[in-house]
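S.K.: Dropping the sequence and predicted coords here.
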Amino acid sequence: MANVDGQWDCVTRTPMGPQESVLTLKSDGATFTGSNVSPLGSVEISDGRIEGDTLYWSMELKVPFPMSLSGRATVSGDTIQGSVDAGAMGAMPMSATRKA
């Protein structure tokens, strides 16, 4: 099972351009919780689950407008690669690197 604990420097490529944030993740067996903090504010991660090296989660964005997001990504050592699905706005690629 993937080691997801810690802080990660994250970039999500959105229609508004690249959005930088810091993911903070804490695992508990096959589940995880955390937050995604950006200049626009903090969003709590919900429904986080780990299946092997793959992460799945949900977030409820409030800013710049309300939106439900769902994520899927693969952990490989100190990197995460995946996407965040923003419904009608489509899937947005995301990547993250574990902070030292």
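M.R.: All right, it came through fine.

S.K.: low-scoring stretches of this structure, by residue?
M.R.: Along the chain, no part satisfies pLDDT under 70.

S.K.: make it 90
M.R.: Across the chain, the ranges flagged by pLDDT under 90 are 1-2, 14-17, 39-41, 61-67, 86-90, 100.

S.K.: how about the strands in it?
M.R.: Residue ranges of the strands in the chain, as given by DSSP state E, are 6-14, 17-28, 31-38, 41-51, 54-61, 67-76, 79-85, 91-98.

S.K.: any chance of these in a markdown table, with mean neighbour count too?
M.R.: The way it works is simple: take the backbone N, C-alpha and C, and place the C-beta from them, glycine included. A markdown table is the format used below for the strands of the chain (neighbours: other C-beta atoms under 10 Å):
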| stretch | mean neighbour count |
| --- | --- |
| strand 6-14 | 17 |
| strand 17-28 | 16 |
| strand 31-38 | 18 |
| strand 41-51 | 15 |
| strand 54-61 | 17 |
| strand 67-76 | 17 |
| strand 79-85 | 18 |
| strand 91-98 | 18 |
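
S.K.: quick one, what contacts residue 50?
M.R.: 1-2, 4, 27, 30-32 (C-beta atoms under 8 Å, 6 or more residues apart in numbering).

S.K.: Return the closest of these with respect to residue 74.
M.R.: Comparing the contacts of residue 50 against residue 74 with C-beta to C-beta places residue 2 closest, at 8.1 Å.

S.K.: just to revisit the earlier point, farthest pair in the contacts of residue 50?
M.R.: Largest pairwise distance in the contacts of residue 50, by C-beta to C-beta, is 12.3 Å, between 2 and 31.
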